[in-house]
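> Below are the sequence and a predicted model for it; my questions follow.
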Amino acid sequence: MKARFFTALLLCIFFTITSNAQNYLKGKVIDSSNEKGMSNVFIKNVTNNKITISEGDGTYEIPATAGNLLVFTTPGYLSDTLVVIDTRNLTIRLKENPALLNEVNINSARRNFDPHTEYPEIYTQSKVYILSPSTIFSKESKNARRLKKYFAQEEKERAIDQAFSIAYVSSIVPLRGVELQTFMAIYRPGYDFIQSNTGPTLATYINDSYKKYKALTPEQRKQSSLQSQ
């Protein structure tokens, strides 16, 4: 009886994996300025409403067929939209958005949407059921779990953006343009800090950070800004 159960389980796993091996577009997203792979690039197939994010090395995999419309977006970079010609490996090179870098903190330019409302299936597909191999091994389930973590982090980043906004910070420190962007990149607080510090305590943090910022040399400011991104 046990042997039959495990045989059936293995067959389910096999068919789950093989059934998901077709009609996928694979490739890599890289920074056009340095040819390095870019992680957490949000990728949407507008045609079939499938979504994913790139891996740590920039690789991605998304359900797609010829003729589908794909959009690649990430904060601080120009979006890239293309029509799939075929499903061979496709490398996407994203360019930094100069206008964005000169006007706002790049971490503030994130997609303004509610994933729970727009993609409820992600939260359903991310659930794991022991007696359902597809919820463990299928590409859709694995991708849903990655997206769920990504959405959770994005919600935290948006909470930081709201509290540590350009309007609020610029009302406290006499910085504008690139200098303001650099300051906000270096001293951007974490989510836990924002949860515990608002109003007067956040203002005190910004003032104290500004004193530290003024003590930095131009080269130190540049290096600190790059390290914080």
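Looks like it arrived, so ask away. These numbers were taken from a predicted model, which means no experiment stands behind them. Numbering: from 1, shown residues only.

> can you list the domains in the protein?
25-96, 164-228 (automatic domain parsing).

> Pick the most buried one from those domains.
With neighbours defined as mean count of other Cβ atoms under 10 Å, the domains of the chain peak in mean count at domain 25-96, which reaches a mean of 16. C-beta here means a position set from N, CA and C on the backbone, and glycine is covered the same way.

> Could you pull up the mean pLDDT of that one?
Domain 25-96 comes out with an average pLDDT of 94.

> ok, now stretch 120-137?
pLDDT averaged over stretch 120-137 gives 84.

> Strands of this structure, start to end?
Assigned by DSSP state E, the strands in the chain fall at 24-31, 42-45, 50-53, 59-63, 69-73, 80-83, 90-94.

> Which among the domains of the chain is found nearest to Thr117?
Closest to Thr117 of the domains of the chain is domain 25-96 (Cβ to Cβ; 13.5 Å).

> Next, name the residue at the spatial heart of the protein.
Note on the chain: the residue nearest the mean C-alpha position is Asn40, at 3.8 Å, using Cα atoms, centre = their mean.

> In contact with that one, which residues?
Contact partners of Asn40, counting by Cβ atoms under 8 Å, 6 or more residues apart in numbering, are 53-54, 74, 150.

> could I get these as CSV with distance to Gln220?
As requested, those are exported to CSV (distance: Cβ to Cβ, whole Å):
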residue, distance to Gln220
Ile53, 33
Ser54, 32
Thr74, 27
Tyr150, 32
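
> distance of the closest residue to Leu147 other than its chain neighbours from Ala152?
Leaving aside its chain neighbours, Leu147 sits nearest to Ile122 (5.0 Å; criterion: Cβ to Cβ, 6 or more residues apart in numbering). To Ala152, Ile122 is 11 Å away according to Cβ to Cβ, to the nearest Å.

> can you check Thr59 too?
Distance from Thr59 to Ala152, by Cβ to Cβ: 22 Å.

> now do Gln125
The gap separating Gln125 from Ala152 is 15 Å, by Cβ to Cβ.

> again with Val84
In terms of Cβ to Cβ, Val84 sits 29 Å off from Ala152.

> what's the answer for Asn45, then?
In terms of Cβ to Cβ, Asn45 sits 22 Å off from Ala152.

> now Asn97
Distance of Asn97 to Ala152, computed by Cβ to Cβ: 25 Å.

> which of the two has more neighbours?
A count of neighbours by other Cβ atoms under 10 Å puts Asn97 above the other of Asn97 and Ala152, at 17 against 10.
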